[in-house]
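Colleague: need the 3D shape of this:
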Amino acid sequence: MTNNTNNVLIVGATRGLGASLTKLYASKPSTTVYATTRGSSPPSSSSDSSSRNTKWLVNIDVSQPDVGEKLTSQLSSPNKLSISAAIISAGYFGFETFDNPDWDKQVKMYTTSAIGPVFVVHHLVKAGLLGAGSKVILVSSESGSITLRHETEGGGNYGHHASKAALNMVGKLLSLDLKDRGIAVGLVHPGFMRTDMTRGVGYDKYWDVGGAISPDEAAESLASFIEGFDLSKTGQYWAPRGPRDIGTAEAVLGKDLPTPLQLPW
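Modeller: Numbering: from 1, shown residues only. Presented below is the predicted three-dimensional model:
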């Protein structure tokens, strides 16, 4: 297997955090980014100056059972590519309330957040694309922390919160399975972001008071965290930007919290 430590895979690369991570990593001359899209062709925005370092993998849908096979078939090469970091940032947020739960939305959230990543990582490892020294970063959310749920925020959005809690367990289990292979697995809350996803569920009204940041800002802090992430932190759950956009952090964990902040399950 070729020992190229600068191959980064970003699953869910067309919008929000994934798009910003793709742009950021592709701006580094020694890095090749393998970026996925659910579409049958690369997005039109891929024609910018960093596109020479980006290779698009098409028809990759994390909510579909063949996602692992489709991904590895496009990554296969005679030289057995080595991926240094695989970042799974694909997500879906369907708004719900107790009075209006939505079965289909919940199934899609669980499938995208907590089922698809297992099959992605499984196939990458079995194909020899991830090995000793590789990092797997699963983009979770502070919304998946049971400890951080506080009565001031109320209930609702069952699929969103519970699918992220399920993803946290998936990441923990993957870390146990992959530690002996030298593969570190991390779970991250990248920050409260000003994205189409949060706007689509009405969270744009909280952007200012909640300290929401741009996807580019979140990508910068996440990439910096990933650089220092290794097996000593495998299976852990972190907020690279600390408590600054976690509304219940001080109420639950106290004041003067560090950055980065390890989050409670």
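Colleague: what segments of the protein are helices?
Modeller: Remark: helices assigned in the chain by DSSP state H are 16-26, 67-75, 103-110, 116-126, 158-178, 196-200, 215-228, 249-253.
Colleague: low-confidence ranges in the chain?
Modeller: Across the chain, the ranges flagged by pLDDT under 70 are 1-5, 45-50, 78-79.
Colleague: so of the helices of the chain, which one's packed in deepest?
Modeller: Of the helices of the chain, the one with the most neighbours on average (mean count of other CB atoms under 10 Å) is helix 16-26, at a mean of 25. From N, CA and C alone the C-beta is placed, and that goes for glycine too.
Colleague: name the helices or strands packed onto that helix?
Modeller: When contacts are defined as 3 or more CB pairs under 8 Å, 6 or more residues apart in numbering; DSSP states H and E, helix 16-26 packs onto strand 7-11, strand 32-36, helix 215-228.
Colleague: please redo it, this time with the cut-off set to 10 Å
Modeller: Using 3 or more CB pairs under 10 Å, 6 or more residues apart in numbering; DSSP states H and E as the contact test, the elements touching helix 16-26 are strand 7-11, strand 32-36, strand 54-57, strand 85-88, strand 135-139, helix 196-200, helix 215-228.
Colleague: please name the residues that touch L187.
Modeller: By CB atoms under 10 Å, 6 or more residues apart in numbering, L187 lies in contact with 136-141, 144, 164, 167-172, 174-175, 235-238, 263, 265.
Colleague: my error: substitute G156 in the last question.
Modeller: By CB under 10 Å, 6+ apart, G156 lies in contact with F95, E96, T97, F98, D99, N100, P101.
Colleague: from these, which is closest to G242?
Modeller: Ranked by distance to G242 (CB to CB), the contacts of G156 are led by F95 at 27.1 Å.
Colleague: so the nearest residue to the closest one once chain neighbours are set aside versus H150, what's the distance?
Modeller: Excluding its sequence neighbours, the residue lying closest to F95 (CB to CB, 6 or more residues apart in numbering) is V201, at 4.0 Å. Distance, V201 to H150, using CB to CB, to the nearest Å: 19 Å.
Colleague: which ones are touching the nearest residue to L129 once chain neighbours are set aside?
Modeller: Closest residue to L129 apart from its sequence neighbours, by CB to CB, 6+ apart: I83 at 5.1 Å. Applying CB under 10 Å, 6+ apart to I83 gives the contacts 4-9, 32, 34, 75, 124, 127-131, 134-136.
Colleague: swap in P243?
Modeller: 142, 148, 249-250, 252-261, 263.
Colleague: ok, back up a step: so how far is L75 from the residue nearest to F95?
Modeller: Taking CB to CB, one finds V201 at 33 Å from L75.
Colleague: same question for L167.
Modeller: Taking CB to CB, one finds L167 at 23 Å from L75.
Colleague: quick one on the thing from earlier: what about the residue nearest to L129, distance to K135?
Modeller: 9 Å.
Colleague: give the residues shared as contacts by these two.
Modeller: With CB under 10 Å, 6+ apart as the test, I83 and K135 both reach V8.
Colleague: nearest residue to the residue most central in space within the chain in space, please, no chain neighbours.
Modeller: Nearest to the geometric centre of the chain sits V139, at 2.3 Å (CA atoms, centre = their mean). Nearest residue to V139, sequence neighbours excluded (CB to CB, 6+ apart): S89, at 4.3 Å.
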